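Quick one, fold the following:
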Amino acid sequence: MNYLISLAIGLSVGVIYGALDFRSPAPPAIALVGLMGMLMGEKLWPMGRQMVSAWLS
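The predicted structure is shown next:
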């Protein structure tokens, strides 16, 4: 269900951008690299907390 919501929001924003004749703020490749960085950071935070708590124990 989360994938469908994300897709629907992305499509809606794309339609609004198209209707306003507004170019995307970042080329798709750069946007995907930024998204990959966000996902990696999201995974690094819990790993870092586990490593620090294991080190302090």
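
and the gap between residue 9 and residue 54?
38 Å (Cβ to Cβ, to the nearest Å). All C-beta atoms are positioned from the backbone trio N, CA, C, and that covers glycine.

Residue 49: how many residues sit nearby?
The burial count assigned to residue 49 is 10, neighbours taken as other Cβ atoms under 10 Å.

To clarify, my last question referred to residue 17.
For residue 17, using other Cβ under 10 Å, the count is 13.

Apart from its chain neighbours, what residue comes closest to it?
Closest residue to residue 17 apart from its sequence neighbours, by Cβ to Cβ, 6 or more residues apart in numbering: residue 24 at 6.4 Å.

That neighbour: what secondary structure?
coil (DSSP: H, G, I helix; E, B strand; the rest coil).

Wait, it touches residue 13, no?
No: counting by Cβ atoms under 8 Å, residue 24 stays clear of residue 13, with 9.2 Å between them.

in the longest helix seen in the chain, what counts as buried?
Of all segments of type helix in the chain, defined using DSSP state H, the longest is helix 28-56. By neighbour count on 16 or more other Cβ atoms under 10 Å, the buried set for helix 28-56 is empty.

now the most centrally placed residue in the chain: how far from residue 20?
In the chain, the C-alpha nearest the mean C-alpha coordinate belongs to residue 35, at 3.8 Å (Cα atoms, centre = their mean). Distance of residue 35 to residue 20, computed by Cβ to Cβ: 23 Å.

ditto for residue 12
From residue 12 to residue 20 the distance is 13 Å (Cβ to Cβ).

again with residue 34
22 Å.

likewise residue 45?
From residue 45 across to residue 20, the span is 35 Å (Cβ to Cβ).

next one: residue 30
Residue 30 is 21 Å from residue 20, by Cβ to Cβ.

and if you look at residue 40?
32 Å.

do the same with residue 37
Going from residue 37 to residue 20 by Cβ to Cβ gives 27 Å.

so where's the chain uncertain?
Across the chain, nothing is flagged by pLDDT under 70.
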